[in-house]
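*Asks:* show me the folded form of this:
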Amino acid sequence: MLTSAVTESAMTSAVTPAAASPATPAAQARTLLLNASMEPLCIVSVHRAVLLMMCGKATVLETDGRMLHSAHVEMPLPVVISLTRYVHVPMRRPVPPTRRTVLQRDSHRCAYCGGGADTVDHVHPRSKGGRHEWTNVVAACVRCNHRKADRLLHELGWELPFTPRAPRWSIAFGSGAVRADPLWAAYVAA
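*Replies:* Next up is the predicted model:
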């Protein structure tokens, strides 16, 4: 078991990455922090994650196989950690359906043809009473958006391959979700 006697300043100079891959060096790696209830809280730096682990406030759930070394301690590079005690989090603001967040939710894929998307479309057009909300907005390519125009899907004979819904991630994951680690998928579902 790691001791909590190591101070933050000693931790900063003592822990160094052992084998960092060129794609994501350990110094630039990020760690997903979960509450004790397994609810995603935020994305933290590896430095902060190691401090939480060494103080006994968090445990490692996922690692990518790389190791961190110091003079007396060797530990896995944390990719997902969980707090040992539950932390009450006040109600978070819902994420608004903006162009960026809709494209993020739909992984930049057109809901109609499956190609690359660079714009958004209202499934039920606003000109026909459709609202600008998560359940009515999808990512679309310019070609499909232009072809659909202000018509309903059944008028064109089109169907959506999924039911649009609000994402589960919060504003805290907005920028981090773009570069999300594949090991996070089981903990953060869009």
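
*Asks:* host element of V60?
*Replies:* Secondary structure assignment for V60, by DSSP states H and E: strand 58-69.

*Asks:* buried set for that strand?
*Replies:* Buried residues in strand 58-69, counted by 16 or more other CB atoms under 10 Å: A58, V60, L61, E62, T63, D64, R66, L68. All C-beta atoms are positioned from the backbone trio N, CA, C, and that covers glycine.

*Asks:* identify the farthest-apart pair in those residues.
*Replies:* A58 and R66 (17.8 Å; CB to CB).

*Asks:* could you chop the chain up by domain?
*Replies:* 8-90+170-184, 99-156 (automatic domain parsing).

*Asks:* confidence-wise, which of those domains is weakest overall?
*Replies:* Among the domains of the chain, domain 8-90+170-184 carries the lowest mean pLDDT, a mean of 77.

*Asks:* so what's L34 bridging to?
*Replies:* According to DSSP bridges, the partner residues bridging L34 are P40, S82.

*Asks:* and what of the one 10 residues further on?
*Replies:* V44 has these beta-bridge partners by DSSP bridges: T31.

*Asks:* follow-up on the earlier one: quick check, nearest of the buried residues of strand 58-69 to L160?
*Replies:* Closest to L160, out of all of the buried residues of strand 58-69 and judged by CB to CB, is E62, at 32.5 Å.

*Asks:* isn't the closest one up against P76?
*Replies:* No. Counting by CB atoms under 8 Å, E62 stays clear of P76, with 9.2 Å between them.

*Asks:* among the domains of the chain, which is nearest P164?
*Replies:* Once these are compared by CB to CB, domain 99-156 is nearest, at 5.3 Å.

*Asks:* the protein: strands as residue ranges?
*Replies:* 16-17, 30-34, 40-45, 58-69, 74-83, 119-122, 137-140 (DSSP state E).

*Asks:* skipping adjacent residues, who's closest to R143 in space?
*Replies:* Of all residues not flanking R143 in the chain, C113 sits nearest, at 7.6 Å (CB to CB, 6 or more residues apart in numbering).

*Asks:* what's the neighbour count on that neighbour?
*Replies:* For C113, the count of nearby residues is 14 (other CB atoms under 10 Å).

*Asks:* K148 versus that one, what's the distance?
*Replies:* If you measure C113 against K148 using CB to CB, to the nearest Å, the figure is 11 Å.

*Asks:* excluding its backbone neighbours, what's nearest V123?
*Replies:* Nearest non-adjacent residue to V123, counting by CB to CB, 6+ apart: N136, 5.2 Å away.

*Asks:* that concludes my questions; thank you for your assistance.
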